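Visitor: no sequence for this one, just the structure:
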């Protein structure tokens, strides 16, 4: 992650968001999420969909529901369409610093996205379709980076 995001403060922010998103999914279904590590970043999948990605210095932060006008002040927000999810869906695409600046306006809609993705339409926990690509090392790294700043839970520190 250091090479994908060299700035320690920005990396800590991304890892905190990652852990926050995981915690939301974890409460609804411990097998509903997985994280994948790439040379140039990471992806959090929840259920059958991508929920948060940082790759090639761009964050993709997925949301469900209406957004406030403030959400449109930095980065790009575009509609998305995952068949397993109801509408309206959207994704913020921008730098980590832009996401950090606008995050308060996006957080509730992202939480709604993760909650919706983690369960079926009948409310049963989904099993993440991408579990075979799960990186327990990335989860452990995120906990290590964030742990001086907050306690974190979660079941997936090991494969």
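Guide: That came through fine. As the structure is a prediction and not an experimental result, all values here were calculated from the model.
Visitor: middle-most residue in this protein, spatially?
Guide: Nearest to the mean C-alpha position of the chain, counting by C-alpha atoms, centre = their mean, stands residue 52 at 3.1 Å.
Visitor: helix, strand, or coil at the residue nearest to residue 76 when sequence neighbours are not counted?
Guide: Distances taken as C-beta to C-beta, 6 or more residues apart in numbering place residue 93 nearest to residue 76, at 4.8 Å, with adjacent residues excluded. Bear in mind the C-beta positions are built from the backbone N, C-alpha and C, glycine included. Assigned with DSSP: H, G, I helix; E, B strand; the rest coil, residue 93 falls in the strand class.
Visitor: roughly how far does residue 93 sit from residue 51?
Guide: From residue 93 across to residue 51, the span is 14 Å (C-beta to C-beta, to the nearest Å).
Visitor: and the two? which has more neighbours close in?
Guide: residue 51 (28 against 16; other C-beta atoms under 10 Å).
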